[in-house]
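Asks: Sequence plus predicted model, see below.
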Amino acid sequence: MTIKERFDQFEDEFLKFERVENKLNNRPDLHAFILLDKIISEDDETVDDDIVACAEHDEIWLSASPDKLESVSDEIIRDLVRCGVRYDEDVESLAMFV
């Protein structure tokens with residue numbers, strides 16, 4: 001399954017933060033950022049300092065590489081979707097609306 005297919009399978013869960021069981025923060029965006037930070041190793045030299053890579057209009061793109069999500073469970077992908085994280089196929093990056 002591609003990363004896009006993994007995110008798409010949970011499209012009905014988009015922005016359903018109330019369904020996240022083990023919240024790391026009470027704010028959906030911060031929960032997603034903390035979760036992504038835990039997934040991406042701090043000693044990985046390819047990790048940027050900022051989680052937000054860029055922004056335009058009402059969207060942000062995240063610096064966390066989608067490749068790093070290949071080994072995570074579907075439950076983690078589902079929880080990211082519940083926080084509003086999506087995969088932007090056009091730029092091959094994780095993104096969120098603000």
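Replies: Arrived safely. Because the structure is a prediction, the values reported are computed rather than measured.
Asks: okay, CA-based contacts and neighbour counts for the rest of this
Replies: OK.
Asks: So which elements touch the longest helix seen in the chain?
Replies: Across the chain, the longest stretch assigned as helix under DSSP state H is helix 28-39. In terms of contacts (3 or more Cα pairs under 8 Å, 6 or more residues apart in numbering; DSSP states H and E), helix 28-39 is packed against helix 74-82.
Asks: for residue 91, phi and psi?
Replies: Here is the backbone geometry of residue 91 (degrees, to the nearest 10): phi -120, psi 10.
Asks: how far away is it from residue 60?
Replies: 12 Å (Cα to Cα, to the nearest Å).
Asks: about what we covered before: averaged pLDDT, the longest helix of the chain. What do you get?
Replies: For helix 28-39, mean pLDDT is 94.
Asks: what's the answer for stretch 83-92, then?
Replies: On average, the pLDDT along stretch 83-92 is 96.
Asks: And that stretch, what's buried?
Replies: The neighbour-count check on stretch 83-92 (16 or more other Cα atoms under 10 Å) flags 83-87 as buried.
Asks: Mind putting these into JSON lines with distance to residue 16 and secondary structure?
Replies: Formatted as JSON lines, those follow (distance: Cα to Cα, whole Å; DSSP: H, G, I helix; E, B strand; the rest coil):
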{"residue": "83", "distance to residue 16": "7", "secondary structure": "coil"}
{"residue": "84", "distance to residue 16": "8", "secondary structure": "coil"}
{"residue": "85", "distance to residue 16": "11", "secondary structure": "coil"}
{"residue": "86", "distance to residue 16": "13", "secondary structure": "strand"}
{"residue": "87", "distance to residue 16": "17", "secondary structure": "strand"}
